[in-house]
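Undergrad: Provided below for reference: sequence and predicted model.
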Amino acid sequence: MHGGSKDFYQEEVLGRMNVLSESDFSNGSLKPAGKTMVLFHASWCPYCKELMPSFLQFAQSAKVDTALVDISDFGSPLWDMFSIDAVPTAILFEGGVPVDRVGSTIGNGVSPGEFSEFASKTKSI
């Protein structure tokens, strides 16, 4: 990991967002039961860094709660729990249950445009 990326995540992202961990999830559900858009990311992921400004902008005006989960560790059970093949992956939870998602594929991230289109759906939820 580059020293600059840790500073970026600590200062620009983690200081402005709700940050969740593995303990906030159980049996495929998010423990806080409201409507929450969760971005699963990794500090080493260039696609995550590219998408982060769009996610932060969405979070400022969202009508749902927003949160980040760092799954930089490939050993995290969240990869399997939510069938995440690549990061970034954004999942919308309602009542603690995943109801919609947009995710990367290996070698291709989620573009800011794809995320914006996905995020606009939350206005109707």
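TA: Noted; the coordinates are in hand.

Undergrad: low-confidence ranges, this structure, go.
TA: 1-16, 123-125 (pLDDT under 70).

Undergrad: residues of stretch 24-38 that come out buried?
TA: Going by neighbour count (16 or more other C-beta atoms under 10 Å), the buried part of stretch 24-38 is 24-25, 30, 35-38. Quick note: C-beta positions are derived from backbone N, CA and C, even for glycine.

Undergrad: same question for stretch 69-80.
TA: Within stretch 69-80, the residues that qualify as buried are 69-71, 76, 78-79, counting by 16+ other C-beta under 10 Å.

Undergrad: from the chain's centre, how far out does it sit?
TA: Centroid separation for stretch 69-80 versus its chain: 12 Å, with C-alpha atoms, centre = their mean, to the nearest Å.

Undergrad: who's in contact with it?
TA: For stretch 69-80, the external contacting residues (C-beta atoms under 8 Å, 6 or more residues apart in numbering) are 9, 19-22, 24-25, 38-45, 84, 87.
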